[in-house]
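Enquirer: output the structure for:
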Amino acid sequence: MASGRSVGEKIASGRARVIPDVAHLSDFQPGEVLVADTTTPDWEPVMKTAAAIVTNRGGRTCHAAIIARELGIPAVVGAGNATSVVPSGETVTVSCAEGDAGKVYRGAVPFHVDKVEVGDIPRPATQIMINLGNPDVAFKTAFLPNDGVGLARMEFVINESIRAHPLALLHPEKVKDPAARAAIARLLSGDADGASFFVQKLSEGIGTIAAAFWPKPVVVRMSDFKSNEYASLIGGADFEPDEDNPMLGFRGASRYAHPAYAEGFRLECLAMKRVREDMGLSNVILMLPFVRRVQEADAVLAKMAEYGLARGEAGLQIYAMCEIPNNVILIDQFARRFDGFSIGSNDLTQLTLGVDRDSEIVAFDYDERDDGVKEMIRLAVQGCRRNGIHSGLCGQAPSDYPEMAQYLVELGIDSMSLNPDTVIATTRHVLDVEARLKKKGSSEQQQP
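Expert: Numbering: from 1, shown residues only. Sure, this is the predicted structure:
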């Protein structure tokens, strides 16, 4: 019936439900196959209950693909006309087990499930960590063989458990939409104020993930919503700019010390302080996304210290995402300010190649395996080693391309963080690569 890019390796059947926009999300029933033009963070509560996801637009790193991987459900993205050719109410089967092409079949197509015993898989020298954001699946996911969480996405918790823009919670009187004000009032019923509500909900969500993986490290990325995604939160439209290209706009570290969002960042820091100190989950490492300039890093780190999160105090480590070419070019300067880098290959590829990773029109030019991107990664790993700090990668590349996982092992990267559905296969591949490299090294040492 339809085909596109496959996400994951699973198959699922269910009744299709075409959802044209956010206003119709209430029509969706748990266990159905979500069919939509595209998805955004405000769709996530429904996505959690879907058997599978099919979208007209998007590539391997679009929102629907990222969330589907984390939830462990199959998704077909970039299917073009799925909302037109897949009728609501009809039973369909979504297959992502047939290679790069994901397919939507009419009816409930029979399939079998391959099960893997994970208890006897040895640990590779390269740490295999997990990308995670959903606290609901944290304890189940923790049973996979892993070395911790390399990327805990704060946005998932904000969108799922809090739902409102942090500044709207702090200043509900500035929210113009009566329906949004009423929704905020309902959220805060029983809570003293918006600040305590935000801190409690965010700390409980992140704390659940940290507890599930204790005592292994859990790297929590501070919020990395784009302005359009923040605007989709309850009350968010009154606090966000209207940007032509949010992907390159007011996102990541640039928000944190800026007057337009400093109050919101303070709440994030107070929540993380509560996780580490009040809950005793000192395995939490904090990470800053999209740090464009060294001066920006200094300003944000100063704000964090002001809010009780000083690097080095009580063993607190702070990482940064390495996803902007400037991070690589000035890595020696950035390295003096952070305890580690996690290479975000999705954005690093976008910015190295000049390709909007949200655009399916130029998706053919988006490739993490490009020699230029690989050289950026090599320089980043080399720079981390030179400065004695942790090097990791938390992008999609090693999950999708075995040759990229091999490349990272050959570089000597400390860790790679993967989506849960690829942990087993990639771990086995990394073990094979390490064994070959060890054998090759032994053979070369024996040469006269």
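Enquirer: all contacts plus neighbour counts: C-alpha atoms, from now on.
Expert: Fine.
Enquirer: how about the strands in the stretch 201-350 of the chain?
Expert: Secondary structure of the stretch 201-350 of the chain, counting by DSSP state E, counting those that start in this stretch: strands at 218-221, 284-288, 318-322, 340-343.
Enquirer: now render these as a markdown table, adding distance to residue 151, mean pLDDT and mean neighbour count.
Expert: Shown next, in a markdown table, are the strands of the stretch 201-350 of the chain (distance: least, Cα to Cα, whole Å; pLDDT from 0 to 100; neighbours: other Cα atoms under 10 Å):
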| stretch | distance to residue 151 | mean pLDDT | mean neighbour count |
| --- | --- | --- | --- |
| strand 218-221 | 5 | 98 | 26 |
| strand 284-288 | 9 | 98 | 25 |
| strand 318-322 | 10 | 97 | 26 |
| strand 340-343 | 9 | 97 | 26 |
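Enquirer: possible to save the ones you listed as JSON lines with distance to residue 414?
Expert: JSON lines is the format used below for the strands of the stretch 201-350 of the chain (distance: least, Cα to Cα, whole Å):
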{"stretch": "strand 218-221", "distance to residue 414": "14"}
{"stretch": "strand 284-288", "distance to residue 414": "16"}
{"stretch": "strand 318-322", "distance to residue 414": "14"}
{"stretch": "strand 340-343", "distance to residue 414": "10"}
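Enquirer: doesn't residue 150 lie inside a strand?
Expert: Yes. Counting by DSSP: H, G, I helix; E, B strand; the rest coil, residue 150 is part of a strand.
Enquirer: right, so of the strands of the stretch 201-350 of the chain, which gets closest to residue 207?
Expert: For the strands of the stretch 201-350 of the chain, proximity to residue 207 was assessed by Cα to Cα; strand 284-288 is nearest, at 8.8 Å.
Enquirer: what comes into contact with that closest one?
Expert: 210, 217-222, 252-253, 275-276, 316-321 (Cα atoms under 8 Å, 6 or more residues apart in numbering).
Enquirer: rewinding a little: ok, which of the strands of the stretch 201-350 of the chain comes nearest residue 53?
Expert: strand 218-221 (25.6 Å).
Enquirer: partners of that closest one in the sheet?
Expert: Here strand 218-221 is paired, per DSSP bridges, with strand 149-153 (parallel), strand 284-288 (parallel).
Enquirer: residue 400 is nearest to which of these?
Expert: Once those are compared by Cα to Cα, strand 149-153 is nearest, at 17.2 Å.
Enquirer: averaged pLDDT, the closest one. What do you get?
Expert: Averaged over strand 149-153, pLDDT sits at 95.
Enquirer: residues contacting the next helix or strand after that strand, please?
Expert: On the C-terminal side of strand 149-153, the closest following helix or strand by DSSP states H and E is helix 154-157. For helix 154-157, contacts defined as Cα under 8 Å, 6+ apart pick out 41, 44, 133-135, 201-202, 205-206, 220-225.
Enquirer: please report phi then psi for residue 169.
Expert: The phi and psi values for residue 169, taken as degrees, to the nearest 10, are phi -70, psi -40.
Enquirer: okay, the residue positioned nearest the centre of the chain and residue 174: tell me how far apart.
Expert: Geometric centre of the chain, nearest residue: residue 153, 5.2 Å, by Cα atoms, centre = their mean. If you measure residue 153 against residue 174 using Cα to Cα, to the nearest Å, the figure is 28 Å.
Enquirer: and the particular helix or strand that has residue 128 in it, how far out from the chain's middle?
Expert: Residue 128 is part of strand 127-132, with elements assigned from DSSP H and E. Put simply, strand 127-132 sits 11 Å off its chain's centre (Cα atoms, centre = their mean, to the nearest Å).
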